[in-house]
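Novice: Here is the input, now give the coordinates:
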Amino acid sequence: MPTKLMMIFVGLDFIFAGCGGLLLGFSLVSEQRMRESPRVDNVTENLLLGECPLTVGVVNAVFIFVTFLLSLPALFLPANRGWLRAQGWLVVICATFTLGIGLAVWVDTLQTRAHLGELWDNETPLIQSLLQQKFDCCGYFNSTAPPFVQDGTCINSLVAAQKGGCIGPFSSFANRYLDLIFTAAFGIVGVDALLVLCVAMVLQYRSEQERYRHIDQKNGLGGL
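Specialist: Residues are numbered from 1 along each chain as shown. Just a heads-up that it's a prediction; the model follows:
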């Protein structure tokens, strides 16, 4: 009959695989969204996703799945410790990988205003116009620096001067959106840390069981 420790281990192992599925799904769906034609309702998210390491996320997810598959022998071989050790090291590598992704996104949030200014300058007038429509603003800092794009929101210079620049609402939205991404990444790292601890406890448990079997064999009990 499986012990509580093994049940927790199995549960965490499957949650670990689920985190890989979440990471893979988010990366693939995001890449698909970025190929859509820009609209008011998707322009901001697509710009921000374009700055995220989505390809690295896919690689990380694949590595998580490989680690999960390599952990299966440890589940079905109750006396084995080699597969468990391998799994533990692989989970540490996965956690480091995911932590790097989260830190990269987090660092971006520390330089949001400056980074978004460069992003705005590099975009086409169409994208700038969509951002103006989304946030009801004109220009990045204000209507003149850099010059606004004339559209349905910023009809003329007089109307544009009465509206604020896009820097405030754009950076606030970016911070909230990126906060969700790096928080999710750090949450996955937390699951990885719990799994590593559980692997260490299972290793200790199996080591003790092996020691008891050797003692029983020496006492002539046949390893029972």
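Novice: and the gap between the closest residue to A161 other than its chain neighbours and P169?
Specialist: Excluding the flanking residues, the one nearest A161 by CB to CB, 6 or more residues apart in numbering is S143, at 5.2 Å. All C-beta spots, glycine's among them, are computed from the backbone N, C-alpha and C. Per CB to CB, to the nearest Å, S143 is found 15 Å from P169.
Novice: T124 too?
Specialist: The value you get for T124 to P169, if CB to CB is used, is 20 Å.
Novice: So those two - more neighbours on which side?
Specialist: Set T124 next to P169 and count neighbours by other CB atoms under 10 Å: P169 wins out with 16 against 10.
Novice: Now do the contacts for the spatially closest residue to the more buried one that is not a sequence neighbour.
Specialist: If the residues on either side of it in the chain are set aside, P169 comes closest to F135, at 4.1 Å by CB to CB, 6+ apart. Listed by CB atoms under 8 Å, 6 or more residues apart in numbering, the contact set of F135 reads 166, 169-170, 173.
Novice: Apply 7 Å and report the result again.
Specialist: Applying CB atoms under 7 Å, 6 or more residues apart in numbering to F135 gives the contacts 166, 169-170.
Novice: just P53 next, same as before
Specialist: 101, 104 are the contacts of P53 under CB under 7 Å, 6+ apart.
Novice: Next: D13.
Specialist: Counted by CB under 7 Å, 6+ apart, D13 has contacts 68, 71, 195.
Novice: Of these, which is the most crowded?
Specialist: Going by other CB under 10 Å, L195 tops the contacts of D13 with 26 neighbours.
Novice: so that residue is in which element?
Specialist: For L195, the host element (DSSP states H and E) is helix 167-218.
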